[in-house]
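> predicted model and sequence below, questions to follow.
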Number of protein chains: 2
Amino acid sequence: MTNINLYTKKLRESGLRPTKQRLKICEVLFSSEKTFHFTINDLTKIIEEKLSEKISLATVYNTIHAFKKKGYLKEISINSDKSYFDTNITDHQHFFDEDKSQLIDCGDDEIDSVNVKRNITGKKIKSIEVLIRVASDNQNQN
Amino acid sequence: MTNINLYTKKLRESGLRPTKQRLKICEVLFSSEKTFHFTINDLTKIIEEKLSEKISLATVYNTIHAFKKKGYLKEISINSDKSYFDTNITDHQHFFDEDKSQLIDCGDDEIDSVNVKRNITGKKIKSIEVLIRVASDNQNQN
DNA sequence: AAATACTTTAAAACTATTCTAAACTATTGA
DNA sequence: TCAATAGTTTAGAATAGTTTTAAAGTATTT
Ligand SMILES: [Mn+2]
Ligand SMILES: [Mn+2]
Ligand SMILES: [Zn+2]
Ligand SMILES: [Zn+2]
């Protein structure tokens, strides 16, 4: 399957038609073997700089949300003014480097799976998210 | 130690003088044996309704931040448009009821402690946060 | 081709949070 | 005592990420 076909499939399955703009977004999100973490701002900059293409912010937001809803992207919970997304949709956890405001994947082999012994009546577990905040040793402690 | 003295101590240790407004905030935060989770909006409403006192939002924000910085409050990481705070500053984890947008404490005995096998060079672990998202079984799955 | 449906876009709106600057209050020290 | 100084509260303005709007553009259907 060519990349264009793959992008088209993902867009269609997310309820979106494969337009020029959306395919560009896909190119940034899904062309690399490597997964990555990004904010909407990051993504918009990459599109503008690497693909020298100007896409309206609204289109970027809409597309990212459709992919998130369908499960082609994950959103990572951090206390931050911005939203962080992840092209790695497998079950995995994160370090958050507070010095650089940067997410780092934590492999399955690097953390024991979380065992929850309690269940909330009438509720189902949707996800278990672990965030390990790290910072430089010699931090301004104050 | 009377409550007023306790509040005064907490304020002073957070670098704030014990003013009328700040003591009111303390009363809501620290008078009950039970700990609780809140947003700034919640807290402001409680102050206005229960204590029939009007305190400027800026004062609430400043006081909450000072307490957080000092460690008398914790902030919980959720993907939300608002910040959630916790008067329970002991090491514990959370369920997040997505139907009600409500945090539920997860006791030490209800979850196995997380074992991280990797360390990031030059970085120290500041915290390990676990968030278990739950929602009603019969959710609109779409 | 005309009608219809979907999309992009710039700009406006929205909202939680932070900042500002002026009025107010408490503390200091002569 | 009381003026000078330092700290505080407040309403409103500013900020910034995100969402909404509405009009112009594009694609699809009949
Ligand atoms: Mn926020
Ligand atoms: Mn946000
Ligand atoms: Zn990741
Ligand atoms: Zn809690």
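Great, that's in hand. Model, not experiment: these values are computed from the prediction. Ligands and ions are numbered 1, 2, ... in the order given.
> please count neighbours and contacts with C-alpha atoms only from this point.
OK.
> tell me the helices and strands packed up against the longest strand anywhere in chain A.
The longest strand of chain A (DSSP state E) is strand A:123-136. On a contact count with 3 or more Cα pairs under 8 Å, 6 or more residues apart in numbering or on different chains; DSSP states H and E, strand A:123-136 meets strand A:93-97, strand B:123-136.
> quick one: mean pLDDT for it?
The average pLDDT within strand A:123-136 is 95.
> which other residues reach it?
By Cα atoms under 8 Å, 6 or more residues apart in numbering or on different chains, the list of residues contacting strand A:123-136 from outside reads A:77-78, A:93-99, A:114, B:120, B:122-137.
> please pick the buried ones from those residues.
Burial by neighbour count, judged by 16 or more other Cα atoms under 10 Å in any protein chain shown, picks out A:77-78, A:93-97, A:114, B:123-125, B:128-136 from the contacts of strand A:123-136.
> quick check: mean pLDDT across stretch A:102-110?
pLDDT averaged over stretch A:102-110 gives 94.
> near chain B at all, it?
Yes: judged by Cα under 8 Å from any Cα of the partner chain, stretch A:102-110 comes into contact with chain B at A:Asp109, A:Glu110.
> the residue nearest the centre of chain A pairs with what?
Nearest residue to the geometric centre of chain A (Cα atoms, centre = their mean): A:Asp86, 1.8 Å. A:Asp86 has these beta-bridge partners by DSSP bridges: A:His37, A:Lys74.
> which ones are touching it?
A:Thr35, A:Phe36, A:His37, A:Phe38, A:Leu73, A:Lys74, A:Glu75, A:Ile76.
> show me what from chain A comes close to chain B.
Counting by Cα under 8 Å from any Cα, chain A sits next to chain B at A:76-79, A:83, A:109-118, A:120, A:122-137.
> elements contacting the one helix or strand A:Tyr61 maps to?
Taking DSSP states H and E as the definition, A:Tyr61 sits inside helix A:57-70. If you count contacts as 3+ Cα pairs under 8 Å, 6+ apart, helix A:57-70 packs onto helix A:3-13, helix A:20-30, helix A:40-50.
> can you say which of those helices is packed in most?
Comparing the helices and strands packed on helix A:57-70 by mean neighbour count (mean count of other Cα atoms under 10 Å in any protein chain shown), helix A:20-30 comes out on top with a mean of 18.
> can you list contacts of it?
Under Cα under 8 Å, 6+ apart, the answer for helix A:20-30 is A:4, A:7-8, A:11, A:43, A:46-47, A:51, A:55, A:59-60, A:63, A:87.
> how about the helices and strands packed on helix A:57-70 in JSON lines, adding distance to B:Gly15 and mean pLDDT?
Below are the helices and strands packed on helix A:57-70 laid out as JSON lines (distance: least, Cα to Cα, whole Å; pLDDT from 0 to 100):
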{"stretch": "helix A:3-13", "distance to B:Gly15": "53", "mean pLDDT": "95"}
{"stretch": "helix A:20-30", "distance to B:Gly15": "46", "mean pLDDT": "97"}
{"stretch": "helix A:40-50", "distance to B:Gly15": "36", "mean pLDDT": "94"}
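> tabulate those helices (TSV), appending distance to B:Asp105.
Output for the helices and strands packed on helix A:57-70, formatted as TSV (distance: least, Cα to Cα, whole Å):
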stretch	distance to B:Asp105
helix A:3-13	37
helix A:20-30	36
helix A:40-50	32
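> let's have the ones you listed in CSV, adding distance to DNA strand C.
Below are these laid out as CSV (distance: least, Cα to the nearest atom of the strand, whole Å):
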stretch, distance to DNA strand C
helix A:3-13, 8
helix A:20-30, 4
helix A:40-50, 11
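> what domains does the record give for chain A?
A:3-85, A:91-140 (automatic domain parsing).
> nearest to B:Ser31, of the ones you listed?
The minimum distance between B:Ser31 and the domains of chain A falls on domain A:3-85, with 27.0 Å, by Cα to Cα.
> around DNA strand D, pick out the residues from chain A.
A:Thr19, A:Thr39, A:Ile40, A:Asn41, A:Leu57, A:Ala58, A:Tyr61, A:Asn62, A:Asp81, A:Lys82, A:Ser83 (Cα under 7 Å from any atom of the strand).
> the first one: neighbour count?
Residues within reach of A:Thr19, counting by other Cα atoms under 10 Å in any protein chain shown, total 11.
> and if you look at the fifth one?
Using other Cα under 10 Å, A:Leu57 has 12 neighbouring residues.
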